[in-house]
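1. This is the structure alone, sequence omitted:
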């Protein structure tokens, strides 16, 4: 009996070593997915939408600043009540783009995106494609979150490299609890 357990263990070690050498092992400690709430497709649509709201010009826009990362993080934690609105809104944007242009919102030209976002802001997109979510409410929500992600503190996931602060000439603020104070000399 003892010999058969050793043989099984030895065989297991041989198989595991061979798998590790071939690089085919899958482990629980692998790389984390890049998104906490969004799917990759949803993140691409939200990124394109944010970039339409704050496009790059002489300064980087919302896409480069990582606004979609900010929104994704907050939907995972603080904006949980907005999850369904995002799911329905992103799906409706995709349906609207498909109906109007025959392609995904991400594939639209910047001018096509701008025109489509303007119609959504006014509530003029086809209503039958926006079941369960108000166009105006979704636009207001993503506009608010885009502004927060672009102009907020980088530690929350957006405003990469303090791009908006640099653009506005705002000095970087110290993180609370990390300010260094000068104390008067002790006598």
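-> Structure received. Model, not experiment: these values are computed from the prediction. Numbering: from 1, shown residues only.
2. In the protein, what residue spans correspond to helices?
-> In the chain, the helices defined using DSSP state H lie at 2-22, 40-53, 62-65, 67-76, 83-101, 110-121, 135-151, 163-168.
3. In JSON lines, list those along with mean pLDDT, mean neighbour count and distance to residue 127.
-> Where you see a C-beta, it was placed from the backbone N, CA and C, and this is true even at glycine. Listed next are those as JSON lines, based on pLDDT from 0 to 100; neighbours: other Cβ atoms under 10 Å; distance: least, Cβ to Cβ, whole Å:
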{"stretch": "helix 2-22", "mean pLDDT": "56", "mean neighbour count": "10", "distance to residue 127": "55"}
{"stretch": "helix 40-53", "mean pLDDT": "93", "mean neighbour count": "21", "distance to residue 127": "19"}
{"stretch": "helix 62-65", "mean pLDDT": "80", "mean neighbour count": "22", "distance to residue 127": "27"}
{"stretch": "helix 67-76", "mean pLDDT": "89", "mean neighbour count": "23", "distance to residue 127": "25"}
{"stretch": "helix 83-101", "mean pLDDT": "93", "mean neighbour count": "18", "distance to residue 127": "10"}
{"stretch": "helix 110-121", "mean pLDDT": "94", "mean neighbour count": "16", "distance to residue 127": "11"}
{"stretch": "helix 135-151", "mean pLDDT": "90", "mean neighbour count": "19", "distance to residue 127": "8"}
{"stretch": "helix 163-168", "mean pLDDT": "70", "mean neighbour count": "17", "distance to residue 127": "35"}
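4. The ones you listed: which one's closest to residue 32?
-> helix 67-76 (12.3 Å; Cβ to Cβ).
5. could you say what helices and strands the closest one packs with?
-> Packing partners of helix 67-76 (3 or more Cβ pairs under 8 Å, 6 or more residues apart in numbering; DSSP states H and E): helix 40-53, helix 83-101, helix 135-151.
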